[in-house]
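Novice: Dropping the sequence and predicted coords here.
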Amino acid sequence: MTTTERTGTGRVDGGVPVLEARSLVKYFPVRRARFGVGGSAVHAVEDVTLALPESGITAVVGESGSGKSTLARMLAQLIKPTSGSVLLDGKPAVPGRSYARAVQLVLQDPFESLNPVHSVRYHLARPLQVHGLTGGASLDGLVTELLERVSLTPADEFIAKLPHELSGGQRQRVAIARALAVRPRVLLADEPVSMLDVSIRLGLLNLLADLRDRDGLAVLYVTHDIASARYLADQIAVMYAGQVVESGPAAPLTDEPAHPYTQLLLSAAPDPDRPTPPTLAAQGAPPNLTRPPSGCRFHPRCPHAMTVCTQTAPPAFALTGGHSSACWLHARDLTAAQSQPLQGRGRGGQDDGPQQATAKETPA
Ligand code: SF4
C-alpha cells in the first residue's frame, strides 16, 4: 500500500515552505474528573500537516467544528498545540514579537478586531510604532500607503474615521492593512469574507490574490465555502472532524473530488461553471469530538461506508498530481470482509454516481 503522510498538502515548488504545521494535534479538556482520572477532551485537531509556500494561497475548507480555525490559531501561536510542531522557514517557530511580525492573523469579524474608540489612523500607526518600523518617515505617509495598498482611496477620506463609520468590507480592509503594517510573510485569514455581503466578497478575495502575487505572501485562507476556495486558492485541504481528509491542487480537487466528504461539500456549493454538480445525500451531522467515531470519522454519514471504515482510520492515499485522499475506497487490497458495505450503504449504494470516489492510489 502506497500512502502519503497521514494528512497534508503538497508543496507548490518543492522548496522549504515559509510556514509549516507538522502533525499538529489539539485536544481541549472539557471536564476534569476528581483526582485527575477520567477527564474528557474535544479532539479538535488531529495529526494535521500543512505547508504554506511563498507566493501561494492554501485554503482550509470545512464545516463549523472541523478544526480549521483552531488550526489557524495554532499557526498564529495563539493556542499551544497538544503535540506536533510549527516551523517557520524550516526551523522550529519561537513565539514572540519576531514571530508575530512574520505571521499575522486576520479574523472573521472586523468589528470585533478593531477598537471602536480608535480611528483608522490609530489602528494602522500603532503597529508601525510598536515594531519600530517608521524609519524616520512620516507616520501619516506610511498610513496612507497602507490604505492605498488595500484600495481604500482616497486615503484622506478614511484615515480619521472610526470603525462604525466604515462598511463591513472597508473594516475588513483596515484589518488587513493593519496586518500588512508589520510587513508579514504569512497572512492567516480566518473566514475573512463570511460576514460580508456577497457583492463585496469578490473584492476582498481579489485583494488576497494580489497580496500573494505582488508581495509574495504565503496566505492561509480558512473558509466553509469550497467555491470561494476554488476561486482563490492554489492548494486546498479539506478538513472533517479535526482531520484533513483530502488535499491537493485546487482545480483537480474540486473538478474530481476523491473523498465522499469533499463531494458532499461540493454538492452544496453553487457553481455556474458546473452544470451537473456532484450529488451525495448528506446523512447525519458532524460527530461529537469528545468521542470521535472509530475508524474513519466520516463513516456514520458516508453512503459508501464499508466494514473496514468502522474499524481502522484510512491513511492518505496518494492519487495523481499531488492529490491525496484519506478514504478506503482508494485501497486496492481490501479483503471481501473489509469491503463489505454497511447495512443500507456501500460501494454500490444509493448515491453512486459520476463523482463516486473510485480513483485508485498510484505509487508516490
Ligand atoms: Fe470514510 Fe469509508 Fe466513506 Fe471513505 S468510504 S469516506 S473511508 S467511511
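Specialist: Alright, I've got the coordinates. Residues are numbered from 1 along each chain as shown.
Novice: Could you use CA atoms for every contact and neighbour count after this?
Specialist: Noted.
Novice: which helices and strands does the helix or strand encompassing residue 199 pack with?
Specialist: Residue 199 is located in helix 198-215, with elements delineated by DSSP states H and E. When contacts are defined as 3 or more C-alpha pairs under 8 Å, 6 or more residues apart in numbering; DSSP states H and E, helix 198-215 packs onto strand 56-61, helix 168-180, strand 218-223, helix 226-232.
Novice: need the contact list for the residue minimising distance to the centre of the chain.
Specialist: Computing the C-alpha centroid of the chain and ranking residues by C-alpha atoms, centre = their mean puts residue 60 first, at 2.0 Å. Contact analysis of residue 60 by C-alpha atoms under 8 Å, 6 or more residues apart in numbering lists 68, 220, 221, 222, 223, 236, 237, 238, 239.
Novice: Just flag the most distant two among those residues.
Specialist: 220 and 239 (13.7 Å; C-alpha to C-alpha).
Novice: gap between the helix holding residue 199 and the chain center?
Specialist: 16 Å (C-alpha atoms, centre = their mean, to the nearest Å).
Novice: what do you get for stretch 191-200?
Specialist: On C-alpha atoms, centre = their mean, the centre of stretch 191-200 falls 16 Å from that of its chain.
Novice: Flag every buried residue along that stretch.
Specialist: With burial defined by 16 or more other C-alpha atoms under 10 Å, the residues of stretch 191-200 counted as buried are 191, 192, 193, 196.
Novice: any idea which element the third one lies in?
Specialist: Taking DSSP H and E as the definition, residue 193 sits outside all helices and strands.
Novice: Would you agree it is in contact with residue 108?
Specialist: Yes - with contact defined as C-alpha atoms under 8 Å, residue 193 reaches residue 108; the gap is 7.0 Å.
Novice: Tell me which stretches of this structure form strands.
Specialist: Per DSSP state E, the chain carries strands over the ranges 19-31, 40-52, 56-61, 83-88, 91-92, 103-106, 186-190, 218-223, 235-240, 243-249, 317-318, 324-325.
Novice: Would you mind extracting the C-alpha trace of the third one into CSV?
Specialist: The one in question is strand 56-61. The C-alpha coordinates for strand 56-61 follow below in CSV (Å, rounded to 0.1, in the frame of the first residue of the first chain):
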residue,chain,number,x,y,z
GLY,A,56,0.8,30.8,-2.6
ILE,A,57,-2.7,30.6,-1.2
THR,A,58,-3.7,27.5,0.7
ALA,A,59,-7.4,27.1,1.6
VAL,A,60,-8.5,25.0,4.5
VAL,A,61,-12.2,24.1,4.0
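Novice: quick one: strands adjacent to it?
Specialist: strand 218-223 (parallel), strand 235-240 (parallel) (DSSP bridges).
Novice: how about the lowest-mean-pLDDT helix or strand in the chain: buried residues?
Specialist: Every helix and strand of the chain was ranked by mean pLDDT, DSSP states H and E. The lowest is helix 110-113, at a mean of 79. Within helix 110-113, the residues that count as buried by 16+ other C-alpha under 10 Å are 110, 111.
Novice: CA atoms only for that helix - export them in PDB, please.
Specialist: Below are the C-alpha coordinates for helix 110-113, written out as PDB (Å, rounded to 0.1, in the frame of the first residue of the first chain):
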ATOM      1  CA  PRO A 110     -13.500  43.100  11.700                       C
ATOM      2  CA  PHE A 111     -15.800  44.900  14.100                       C
ATOM      3  CA  GLU A 112     -14.500  42.800  16.900                       C
ATOM      4  CA  SER A 113     -10.900  43.100  15.900                       C
END
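Novice: Against which helices or strands is it packed?
Specialist: Judged by 3+ C-alpha pairs under 8 Å, 6+ apart, helix 110-113 is in contact with helix 168-180.
Novice: The helix it packs on packs against which elements?
Specialist: Helix 168-180 sits against strand 103-106, helix 110-113, helix 120-130, helix 139-149, helix 198-215, with contacts defined as 3+ C-alpha pairs under 8 Å, 6+ apart.
Novice: Check these for me: which has the lowest mean pLDDT.
Specialist: Mean pLDDT is lowest for helix 110-113 out of the helices and strands packed on helix 168-180, coming in at a mean of 79.
Novice: Please enumerate residues in contact with that one?
Specialist: 107, 163, 164, 168, 171, 172, 175.
Novice: Once you drop chain neighbours, what's closest to the third one?
Specialist: Nearest non-adjacent residue to residue 164, counting by C-alpha to C-alpha, 6 or more residues apart in numbering: residue 116, 6.9 Å away.
Novice: where does the one you found land on pLDDT?
Specialist: Here the pLDDT value assigned to residue 116 is 93.
Novice: Next, count neighbours for it.
Specialist: Using other C-alpha atoms under 10 Å, residue 116 has 13 other residues around it.
Novice: For the ligand, see how far away it is.
Specialist: Per C-alpha to the nearest ligand atom, to the nearest Å, residue 116 is found 45 Å from the ligand.
Novice: Could you list which residues are in contact with that residue?
Specialist: Contacts of residue 116 (C-alpha under 8 Å, 6+ apart): 162, 163, 164.
Novice: What degree of burial does the second one show, as a neighbour count?
Specialist: By other C-alpha under 10 Å, 25 other residues sit near residue 163.
Novice: before we move on, what about residue 247?
Specialist: Counted with other C-alpha under 10 Å, residues neighbouring residue 247 total 32.
Novice: Before we move on, what's the pLDDT of the closest residue to it other than its chain neighbours?
Specialist: In space, residue 247 comes closest to residue 237 once its chain neighbours are excluded; the distance is 4.3 Å by C-alpha to C-alpha, 6+ apart. Listed pLDDT for residue 237 reads 98.
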